[in-house]
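**Student:** Provided below for reference: sequence and predicted model.
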Amino acid sequence: MTYRDVASKQVLIWAGAAVAARMPVAMAPLALVFLVRERPGGYPLGAALAAAYVLGEILGAPVLGMRMDPARGRRHLTVGLVGGSVGFAGLGVLAGAHPLVLGAFAFLAGAAPAAVAGGQRTLLTSLVPERAVAQALSTESMLMSGVWAVSPVAVAGLALGVAPRVPLLLGAALMAAAIVAHRLLPAGWGRADDDGDTGRVKLRVLIRAWPVYVTGAASLTLLGLAELTLPALLEQRGIGVGWSGPMLAGLAVGAGVGAFLYGLRSWPGRLRTRSLVLMGGMAAFVALAALIPGAAGIAVALVLAGTLQSGALITRNLSLREAVPPGAVAAGYSVMYAAAGAGYAATGSLAGALLQVVAPSTAILAGVGLGLLLTALGWWGESRQQRSSTARGPVVDIAAGAEGAPIPGRGDPERRL
């Protein structure tokens, strides 16, 4: 069980497709702000466009994810990427259009490819042996950490150095490139008759996995609060706001390192227990970032928080694979994507409201409390479901199923999920 099991030509092609599909997603909110910042009411308009984009993601991910067919997944991914490319191209080409037109294109750019991340993750796990699923998810997390670290720099450089519309046109071109790359990958990741393939069954099993979504949203709530309140926190400490960029880049680097370390070995304990430990540690480091007065201490705390956060997200992805049948995995990832997006959006609203009445450090500590509450709720839900399953009959140990032997009834170790 090493990273050698992940090294293959198809995984390399998948990595190119994933980066091309998700770089525009990482670029979008900041790119939308730069697109209209010089117009009257530019910054509020930019925030409204970013909100329309995020709303599209939140609504599009579960709706489109539910419709994904494991046997024809590439077709669904292609349709989503085409829609996203049209949305980004419309924003770039019609940059001076009426705000409602821009809002419609922003919503389309967020909604159309919202289920792509879930489909791509499911496809990735079908390209590697079962024993290497944890390493594959760690590899994906490392790639995405790099994408999120590079994207703000790319947006700022292109928008200020070339033209505000260029980042959005680049996003359209990247999504088109992802379509081409997917033509070199398998058409799907399972059979059309996989368990959970019918809409009613799929919805039922997805609802049953709610504790995983809650914990996933908790990790994004903690991270989002740290990101959104960091400039205000630095001002409170008398530190230059310009340090927020390097600190957030350090957080992304820490997430990449954490993902790599998680995939190096098999970790003890059930997945829900690992998640609880990692989330508790992440909450502690975010709280330390709020309490430490010096820039160096804040930076170190954020790096360590990012390191644990990537591990927490990987455990959530592994838990979700065991909570739903193969035919519903892509939909499950999409629902978790929507839950994380909703958590991040709620965090933005919470941060804005708290910063009106309390100090930034207090706002962060309040967010930490909320994150811990959600983590406890998710852990309780998983424990309760585990006890119920045990009372009904034998169950498969989650940790062993995700990172060890194949699960009975789900095919060979290299089955397509």
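**Tutor:** Okay, I see it.
**Student:** element containing residue 31, please.
**Tutor:** When elements are assigned from DSSP states H and E, residue 31 belongs to helix 9-36.
**Student:** Show me what secondary structure element comes after that helix.
**Tutor:** Immediately after helix 9-36, counting by DSSP H and E, sits helix 42-66.
**Student:** Go ahead and measure how far that following helix is from the middle of the chain.
**Tutor:** Its chain's C-alpha centre and that of helix 42-66 lie 15 Å apart, by C-alpha atoms, centre = their mean, to the nearest Å.
**Student:** angle of that helix against helix 9-36?
**Tutor:** Orientation note: helix 42-66 sits at an angle of 150 degrees relative to helix 9-36 (axes from the mean of the first three to the mean of the last three C-alpha atoms, to 10 degrees).
**Student:** In stretch 168-186, which residues are buried?
**Tutor:** Using 16 or more other C-beta atoms under 10 Å as the test for burial, stretch 168-186 gives 168-179, 181-182, 185. Every residue, glycine included, has its C-beta placed from N, CA and C.
**Student:** In the protein, where is pLDDT below threshold?
**Tutor:** 1, 191-202, 388-417 (pLDDT under 70).
**Student:** Leaving out sequence neighbours, find the closest residue to the residue nearest the centre of it.
**Tutor:** Centroid check for the chain by C-alpha atoms, centre = their mean gives residue 337 as the closest residue, at 5.8 Å. Spatially, and ignoring its direct neighbours in sequence, residue 337 is nearest to residue 61 (4.6 Å; C-beta to C-beta, 6 or more residues apart in numbering).
**Student:** Count the neighbours of that neighbour for me.
**Tutor:** Counted with other C-beta atoms under 10 Å, residues neighbouring residue 61 total 29.
**Student:** Likewise for residue 118?
**Tutor:** If we define neighbours as other C-beta under 10 Å, then residue 118 has 28 of them.
**Student:** do the same with the one 3 residues further on
**Tutor:** Each residue near residue 121 was counted by other C-beta under 10 Å, and the total is 26.
**Student:** so it touches residue 334, yeah?
**Tutor:** No: contact between residue 121 and residue 334 fails when scored by C-beta atoms under 8 Å: they sit 9.5 Å apart.
**Student:** Identify all contacting residues around the helix or strand containing residue 181.
**Tutor:** Assigning secondary structure by DSSP H and E places residue 181 in helix 166-182. The contact list for helix 166-182 (C-beta atoms under 8 Å, 6 or more residues apart in numbering) reads 13-14, 16-18, 20-21, 23-24, 27-28, 30-32, 34-35, 74, 77-78, 81-82, 84-89, 91-93, 95, 109, 113, 116, 154-155, 158-159.
**Student:** where's the residue nearest to residue 380 when sequence neighbours are not counted relative to residue 324, distance?
**Tutor:** Spatial nearest neighbour of residue 380, chain neighbours left out: residue 211 (7.6 Å); criterion: C-beta to C-beta, 6+ apart. Going from residue 211 to residue 324 by C-beta to C-beta, to the nearest Å gives 12 Å.
**Student:** neighbours of the spatially closest residue to residue 323 that is not a sequence neighbour, just the number please.
**Tutor:** If the residues on either side of it in the chain are set aside, residue 323 comes closest to residue 209, at 4.1 Å by C-beta to C-beta, 6+ apart. When neighbours are counted by other C-beta under 10 Å, residue 209 registers 21.
**Student:** Residue 209 touches residue 324, doesn't it?
**Tutor:** Yes: with contacts counted by C-beta under 8 Å, residue 209 reaches residue 324, the gap being 5.6 Å.
**Student:** Overlap in contacts, those two.
**Tutor:** What both residue 209 and residue 324 touch, as defined by C-beta under 8 Å, 6+ apart, is the set residue 332.
**Student:** Now find how far off-centre the helix holding residue 31 is within its chain.
**Tutor:** 12 Å.
**Student:** list the buried ones in it?
**Tutor:** 11, 13-36.
**Student:** same question, stretch 241-250
**Tutor:** For stretch 241-250, the neighbour count (16+ other C-beta under 10 Å) marks 243, 244, 247, 248, 249, 250 as buried.
**Student:** which ones are touching the closest residue to residue 39 other than its chain neighbours?
**Tutor:** Nearest residue to residue 39, sequence neighbours excluded (C-beta to C-beta, 6+ apart): residue 45, at 6.4 Å. By C-beta under 8 Å, 6+ apart, the residues touching residue 45 are 36, 39, 99.
**Student:** Helices along the stretch 101-250 of the chain, start to end?
**Tutor:** Counting by DSSP state H, counting those that start in this stretch, the stretch 101-250 of the chain has helices at residues 116-126, 133-161, 166-182, 199-208, 210-236, 244-262.
**Student:** what angle do the third one and helix 116-126 make?
**Tutor:** What it means is helix 166-182. Going by the same axes, to 10 degrees, helix 166-182 makes 30 degrees with helix 116-126.
**Student:** tilt between helix 166-182 and helix 133-161?
**Tutor:** When the same axes, to 10 degrees is applied, the directions of helix 166-182 and helix 133-161 differ by 150 degrees.
**Student:** what's the domain layout of this structure?
**Tutor:** 1-131+150-192, 198-396 (automatic domain parsing).
**Student:** tell me the contacts of the residue nearest to the centre of the chain?
**Tutor:** 57, 61, 65, 114, 115, 117, 118.
**Student:** for residue 291, same thing?
**Tutor:** 361, 365.
**Student:** Likewise for residue 304?
**Tutor:** Residue 304 makes contact with 254, 281, 285, according to C-beta under 8 Å, 6+ apart.
**Student:** List just the nearest of those to residue 328.
**Tutor:** residue 281 (30.7 Å; C-beta to C-beta).
**Student:** Check the spacing between the closest one and residue 260 real quick.
**Tutor:** Applying C-beta to C-beta to residue 281 and residue 260 gives a distance of 17 Å.
**Student:** before we move on, what about residue 39?
**Tutor:** For residue 39 relative to residue 260 (C-beta to C-beta), the value is 43 Å.
**Student:** Please compare these two by neighbour count and tell me which comes out ahead.
**Tutor:** Per other C-beta under 10 Å, whichever of residue 39 and residue 260 has more neighbours is residue 260, with 18 against 15.
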